[in-house]
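**Student:** sequence unknown, structure follows:
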């Protein structure tokens, strides 16, 4: 006997008369529907973000647009890293479709990259993988800021693992524009490839 | 004797070829592991061929000095007592590398003996390959910098080229490329893109350099105005 007090035959008869009764969502169905609605909501948020990004033509607007885009997606239960990835992908696809907006979209794209959590990259593996590099490019390719990078470079020079044409600059700020090359010494080469 | 010269010369040749091939393969696997950006074909760089030649020469010397019917330990170990000249060449070529790369003893963590010398020579050869590839990259970047800055959408197009090129690569290769790009991107200058801006030039060299390293110059040459070296 069903819990409602109706017999099986009565329930089946009721379902024939009122088919919507059996189409009422179960718990699983309700969750699926919520997820789908949430998914379409995320798509709408991304679409709105791209439209705003097209009009972001100065630094303040770029910042505001990215802040707003990330906040809206995070409020829809999307993690920060996923939100940055989704927005970057959307911006990239949009620029492919319409080159006219590329300048503004690129600034948004760069700002999104800046928001990613940085992680350190060692100098020796970088010089091993990329070959010798000018200091300015080393700063750009190593995620580290100039001060810790200069400290690390000094340490590696002292250990005889790397050498810099003409020596290292004294000030960390000069690293960003310095074109002197850094390369592995024989000792560094042996450590890297041995 | 003339009757023996053919097989004996063949024995030398087989010993040389076996040792040289083994070293070439060792250099190739080491290159692939430590320098994934360098295409495999670069293994025929003169520095690596010289290393192969050196080890092949050592195999020939060992072939000439060993006696397959001798009773000394080294002759027995290298020739495996093969009497046929070609088989002896094969045995000596393969086993001489074991002797060359022997580690006599350790000083702290460093091995001392033939292995240390072999590893040093191999490292130098691989570094020569690395430097050669770096010079190629710098030349390519110099050649095409004007064409890149003539394209307002250059960096987007570059990223699309990279995405397309690495799509069929193994996941760890893709991750390495993405990690390197992710390190560069946040450093994009906030000023409008200009050829005479040092920051933009560094950005161009770093970003395009990664593409050259991991995707090769061919896909870049499809961009408008780009030329091969």
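**Tutor:** Right, received. Where do you want to start? Quick caveat, the model's predicted, so the values are computed rather than measured.
**Student:** how near is residue A:72 to residue B:148?
**Tutor:** Applying CB to CB, to the nearest Å, the value for residue A:72 to residue B:148 is 35 Å. Glycine gets a C-beta too; all of them are placed from N, C-alpha and C.
**Student:** please say which of these two ends up with more neighbours.
**Tutor:** The neighbour comparison of residue A:72 against residue B:148 (other CB atoms under 10 Å in any protein chain shown) goes to residue B:148, with 25 against 19.
**Student:** for the residue in chain A that chain B sits nearest to, which non-adjacent residue is spatially closest?
**Tutor:** When distances are taken as CB to the nearest CB, chain A approaches chain B most closely through residue A:131, which lies 3.3 Å from it. The shortest distance from residue A:131 to any residue that is not its chain neighbour, by CB to CB, 6 or more residues apart in numbering or on different chains, is 3.3 Å, and that residue is residue B:134.
**Student:** who does the host helix or strand of the one you found touch, helix- and strand-wise?
**Tutor:** In this assignment (DSSP states H and E), residue B:134 forms part of helix B:114-149. Of the remaining helices and strands, those touching helix B:114-149 by 3 or more CB pairs under 8 Å, 6 or more residues apart in numbering or on different chains; DSSP states H and E are helix A:186-193, helix B:2-34, helix B:46-65, helix B:85-100, helix B:198-215, helix B:217-220.
**Student:** which parts of it are buried?
**Tutor:** Along helix B:114-149, these residues count as buried under the neighbour rule (16 or more other CB atoms under 10 Å in any protein chain shown): B:114-116, B:118-119, B:121-130, B:132-134, B:137-138, B:140-141, B:144-145, B:148-149.
**Student:** ok, then the element right after it?
**Tutor:** Toward the C-terminus, helix B:114-149 is succeeded by helix B:154-166 as the next helix or strand (DSSP H and E).
**Student:** could you say what helices and strands that next one packs with?
**Tutor:** If you count contacts as 3+ CB pairs under 8 Å, 6+ apart, helix B:154-166 packs onto helix A:80-97, helix A:102-115, helix B:171-184, helix B:198-215, helix B:217-220.
**Student:** avg pLDDT for that helix?
**Tutor:** For helix B:154-166, the mean pLDDT works out to 91.
**Student:** distance from the chain centre to that helix, please.
**Tutor:** Centroid separation for helix B:154-166 versus its chain: 26 Å, with CA atoms, centre = their mean, to the nearest Å.
**Student:** so that helix versus helix B:114-149, what angle?
**Tutor:** When axes from the mean of the first three to the mean of the last three CA atoms, to 10 degrees is applied, the directions of helix B:154-166 and helix B:114-149 differ by 140 degrees.
**Student:** quick check: residues of chain A near chain B?
**Tutor:** Proximity of chain A to chain B, by CB under 8 Å from any CB of the partner chain, involves residues A:59, A:92, A:95-96, A:99, A:102-103, A:105-107, A:109-110, A:113-114, A:116, A:118, A:121, A:128-132, A:134, A:136-137, A:139-143, A:176-177, A:184, A:186, A:189-190, A:192-194.
**Student:** please redo it, this time with the cut-off set to 6 Å
**Tutor:** Taking CB under 6 Å from any CB of the partner chain as the test, the list of chain A residues beside chain B reads A:95, A:99, A:102, A:110, A:113-114, A:121, A:131-132, A:136-137, A:140-141, A:143, A:177, A:189-190, A:193-194.
**Student:** residue B:98: neighbour count?
**Tutor:** Counted with other CB under 10 Å, the burial measure for residue B:98 works out to 11 neighbours.
**Student:** residue ranges with poor pLDDT in chain B?
**Tutor:** B:1-7, B:103-112 (pLDDT under 70).
**Student:** residue nearest the centroid of it?
**Tutor:** For chain B, the residue sitting closest to the mean C-alpha position, by CA atoms, centre = their mean, is residue B:31 at 4.0 Å.
**Student:** tell me how far that one lies from residue B:124.
**Tutor:** Per CB to CB, residue B:31 is found 13 Å from residue B:124.
**Student:** ok, now residue A:151?
**Tutor:** Applying CB to CB, one obtains 29 Å for the distance of residue A:151 from residue B:124.
**Student:** show me the chain divided up by domain.
**Tutor:** Just going to use chain A. With automatic domain parsing serving as the domain definition, the record reports that chain A contains domains spanning A:34-115, A:123-193.
**Student:** my bad, the chain I had in mind was chain B
**Tutor:** B:2-100, B:134-220.
**Student:** and stretch B:27-35, which residues are buried?
**Tutor:** Judged by neighbour count (16+ other CB under 10 Å), stretch B:27-35 contains these buried residues: B:27-28, B:30-31, B:34-35.
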